[in-house]
Structures are given as structure tokens and as C-alpha cells.
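In: Sharing a model prediction with you, sequence too.
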There are 2 protein chains.
Amino acid sequence: MNNISNIFKEKNLKLTPQRYAIYKFLKSVKTHPSAEMIYAEISKDYPTMSLATVYKTLKTLIELGLVQELNVGEDNFRYDANVAIHPHIVCLNCGKVDDIENANFDNLKTDVLNYTDYDVLSYKLYFYGICSECKKGR
Amino acid sequence: MNNISNIFKEKNLKLTPQRYAIYKFLKSVKTHPSAEMIYAEISKDYPTMSLATVYKTLKTLIELGLVQELNVGEDNFRYDANVAIHPHIVCLNCGKVDDIENANFDNLKTDVLNYTDYDVLSYKLYFYGICSECKKGR
DNA sequence: CTATTAACAAATAATAATTACAAATTAGGA
DNA sequence: TCCTAATTTGTAATTATTATTTGTTAATAG
Ligand SMILES: [Mn+2]
Ligand SMILES: [Mn+2]
Ligand SMILES: [Zn+2]
Ligand SMILES: [Zn+2]
């Protein structure tokens, strides 16, 4: 199986409660939280949680291919437990980061081969605009 | 005219030698340098240049719409004096950031409207891969 | 041409995100 | 249950960036 506990076992890593909580939390939200946001949330259930653990766990989850890092242009990173390549949209007013659902831009990866001599492995696509909530409040 | 000295004049900003040097340097390179890289380069001609001035100048150039910031996923930003929306490609081996020339992905901005209720204002597109130099050395 | 003054550069201090470190704890196999 | 390497934690260190201060410059009125 390819469930998380086997993935950890294969690498001789321990699936600690902290690690599991962070992963489960990331899986459960659509908000693309930062390390700080994750820490704030997880601390409610694990009051002894350390911010350093959040950072270190995120790094190992990324190495395992279970989480990806987003850089939408803030002074910090955001994290996403959906590791598929998929586009995001950032509200320039409230800072929210959303998925763009059902859109498929995978042709980009093959299209771009006509314009570069790089071996292209992946891409990141960020849209910027104003979300519907922020549009209302104008 | 819309040359840089008029743009500065309109906003009651002074086009100092430092500011001009930073802008001219950014215009002249294709490397998408970071603030630190810009500082290292400009320091050769302006030994008294301060890193703080580089950061502050970059910020004003961005506000004036003369420079854009790239967030390719490093722990720092890179800067580009080409303010048109255009895609970039990052070498995962050597860290180089290149333009993808002649490619036009502007349909993205209209395509995405079918999948989101945001007002979409702009986008950033980053490809990741291995550059031709790095491919050789394997 | 000079004086005035607001904008600016430089140096440095401060801040914020992230990482490194060391000591205490724990997961999970023997 | 015991053992031990892996992990967590709290904290210090580091790095990118921003704020502050003070001396310097550029624009312009007189
Ligand atoms: Mn996502
Ligand atoms: Mn560019
Ligand atoms: Zn919003
Ligand atoms: Zn390369």
C-alpha cells in the first residue's frame, strides 16, 4: 500500500503524532496555510507543539512527496497536501489562496517544450485577482 | 514621454545615480538577479552603495511599475525590469532563471475565468527543469 | 549663485521567517 | 519491558528584508 504509514516505514521514519497531525490537518484544509498558521491550529490539540517541529515536519513531508510548497509572493511559504500540479489564485485584497478547481492546464508542460531547451519537469501557475467576498465589500 | 526620468519627475521622485544604476543594470541583464546579486554588481561602480538602498530602490521601482518581482520558490526574491507578464523557467540544478522567449500564454488569463469567480488581474507562470548546460554535465 | 528644504543614501539596528543546535523524550522493534 | 536511534522541544543562530537615524544631495526660489 501507499498510505502514509507505509511511506514512513520504508524510509525508517517514525510516524509520530505530531507528524500525523500536521499532515492530516493539511489534508483537511483548502486554505494553503503557512507554517505559522499550521502551528497555531495544531497547537490547539497539541499544546506542546513546537514551531520548529512544524518546520521540520513540513520539510520531511516535502521530501517524501506528500506536501508541496507554494510561493505566492508573500514573505513566507504556504503548504499544500495536494501534490498534483495545479493552479492557484491569490486574492490581492485579503491574501486568501484558493485552488482553481476543475481547470486543466497540463498542456502547458508540453506546449513550452517548443520554446525552451530545458528538460521541463514541472510548473507552477499563480493567478492574482480579487475574490468574490472582497468584491462585495466595495 | 514615458522615459524613466519623466516617470520620476511626475511623482516628485529624484532620479539619483544609484536608482538609475540599479534600473539600468536590471534592464541590461537577463539573469533575474536577487537584491544581493544586484548589490554585488552595482558595488563595483558605486563602492559606497548600501544594500538598504538596493532594497528601497527596488521597492520604488516596483511601485512605479518599472520592475517586477519574481518568486520562483527560493528564500529570496528576484527582480525583472521587463514588466510584461511572461513565463520563466528555473533550472533545478544550477538555480538559473531564464525567460521563455516568444511563447505566448496570454490565453491563460481568459481561460481561467471559466473556473473561478475571482476578478483575475494577472498571473505568474514558472516552469522548472534542467537547463542545457546542466544536462551536458551529467 | 546661494540658501532652503524635502528627498535621499548610507550605516546600522530591528524584525520576521526559517534553520541549527543540544538536551530531554519517545516510538517501535528486539 | 527494554533499548536506542529518531524525534521533539526550547532556544539560539542565521538570513532576508525593513525601519531608523543621521549626514548628504538635488531641486528650486530668491
Ligand atoms: Mn492547492
Ligand atoms: Mn523575465
Ligand atoms: Zn479577498
Ligand atoms: Zn542549470
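Out: Perfect, thanks for sending it. Note that this is a predicted model, so its numbers are computed, not measured. Ligands and ions are numbered 1, 2, ... in the order given.
In: OK, contacts around the residue most central in space within chain A?
Out: Nearest to the mean C-alpha position of chain A, by CA atoms, centre = their mean, lies residue A:80 at 1.6 Å. Counting by CB atoms under 8 Å, 6 or more residues apart in numbering or on different chains, residue A:80 touches A:26, A:32, A:67, A:68, A:69, A:70. All C-beta atoms are positioned from the backbone trio N, CA, C, and that covers glycine.
In: List the beta-bridge partners for it.
Out: Beta-bridge partners for residue A:80, by DSSP bridges, are residue A:68.
In: which SS class is the closest residue to residue A:108 other than its chain neighbours?
Out: Leaving aside its sequence neighbours, residue A:108 sits nearest to residue A:123 (CB to CB, 6 or more residues apart in numbering or on different chains; 5.8 Å). Of the three states, residue A:123 takes strand according to DSSP: H, G, I helix; E, B strand; the rest coil.
In: now do the one 10 residues further on
Out: Counting by three-state DSSP, the backbone at residue A:133 sits in helix.
In: my guess is it meets residue A:94, correct?
Out: Yes - contact criterion CB atoms under 8 Å: residue A:133 and residue A:94 qualify, at 7.1 Å.
In: Report the rounded mean pLDDT for the helix or strand containing residue A:26.
Out: Counting by DSSP states H and E, the element that carries residue A:26 is helix A:17-28. Averaged across helix A:17-28, the pLDDT comes to 97.
In: Tell me the helix or strand right after that helix.
Out: Next along the chain after helix A:17-28, taking DSSP H and E as the criterion, comes helix A:35-45.
In: For chain A, give me the ranges with low pLDDT.
Out: A:1-2, A:138 (pLDDT under 70).
In: for DNA strand D, what are the nearby residues on it?
Out: Counting by CB under 7 Å from any atom of the strand, the residues of chain A close to DNA strand D are A:12-14, A:16, A:18-19, A:46, A:48-53, A:56-57, A:75.
In: By neighbours, which of these wins?
Out: Among those, residue A:57 has the most neighbours (other CB atoms under 10 Å in any protein chain shown), with 23 neighbours.
In: got a list of what it touches?
Out: Contacts for residue A:57 (CB under 8 Å, 6+ apart) come out as A:18, A:19, A:22, A:23.
In: swap the cut-off to 10 Å and go again
Out: Residue A:57 makes contacts with A:16, A:18-23, A:26, A:35, A:38, A:42, A:49, A:67, as judged by CB atoms under 10 Å, 6 or more residues apart in numbering or on different chains.
In: roughly how far apart are it and DNA strand C?
Out: Look at residue A:57 and DNA strand C: by CB to the nearest atom of the strand, to the nearest Å, they are 11 Å apart.
In: burial of residue A:28, as a residue count?
Out: By the criterion of other CB under 10 Å, residue A:28 has 10 neighbours.
In: residues in contact with it?
Out: Counting by CB under 10 Å, 6+ apart, residue A:28 touches A:41, A:81.
In: got it, and residue A:97?
Out: Listed by CB under 10 Å, 6+ apart, the contact set of residue A:97 reads A:30-34, A:70, A:72, A:74, A:78, A:80, A:88-91, A:126, A:131.
In: Which member of those is positioned nearest DNA strand C?
Out: Using CB to the nearest atom of the strand, residue A:34 comes nearest to DNA strand C of the contacts of residue A:97, at 5.8 Å.
In: burial count for the closest one?
Out: Number of residues near residue A:34 (other CB under 10 Å) recorded here: 19.
In: Identify the bridge partners of it.
Out: Taking DSSP bridges, one finds residue A:78 as the beta-bridge partners of residue A:34.
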